[in-house]
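K.L.:
quick one: sequence plus predicted model below, questions after.
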Amino acid sequence: MQHLLLTAHTPSENTRRLLASARAAVAEFGPNLKVTEKPPMEVKAADLLAADGLLLGSLENIGALAGLTNGAILHR
């Protein structure tokens, strides 16, 4: 079984809709995919290492990841 870590910074209604779409798309993979969903500030290095894949949702600011996501995920 594959393990996907899904994390997203969703401060607006639009970003929450995107997350809902991502959840629906991931669900199509069925029981062969274990999905763990955590907010960016709760993701630990162990979560990243345990996952086979990462689906990262973030706002972007002139082509860069939003500060919350960047600091919480990429600098662990």
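P.N.:
Cool, the structure landed.
K.L.:
lowest-pLDDT helix or strand in this protein?
P.N.:
Least confident helix or strand of the chain, by mean pLDDT, DSSP states H and E, is strand 64-65 with a mean of 58.
K.L.:
quick check, residue 49 in a helix?
P.N.:
Yes: assessed with DSSP: H, G, I helix; E, B strand; the rest coil, residue 49 lies in a helix.
K.L.:
so how many other residues sit close to it?
P.N.:
By other CB atoms under 10 Å, 9 other residues sit near residue 49. Glycine gets a C-beta too; all of them are placed from N, C-alpha and C.
K.L.:
tell me how far it lies from residue 23.
P.N.:
23 Å (CB to CB, to the nearest Å).
K.L.:
name the nearest residue to residue 8, ignoring sequence neighbours.
P.N.:
residue 57 (2.9 Å; CB to CB, 6 or more residues apart in numbering).
K.L.:
pretty sure that neighbour sits against residue 17.
P.N.:
No: with contact defined as CB atoms under 8 Å, residue 57 does not reach residue 17; the gap is 10.9 Å.
K.L.:
so between the two, which is more surrounded?
P.N.:
In terms of neighbours (other CB under 10 Å), residue 57 is the more surrounded of residue 57 and residue 17; the figures are 18 against 11.
K.L.:
contacts only, for that one.
P.N.:
Listed by CB atoms under 8 Å, 6 or more residues apart in numbering, the contact partners of residue 57 are 6, 7, 8, 9, 10, 15, 18, 19, 22, 69.
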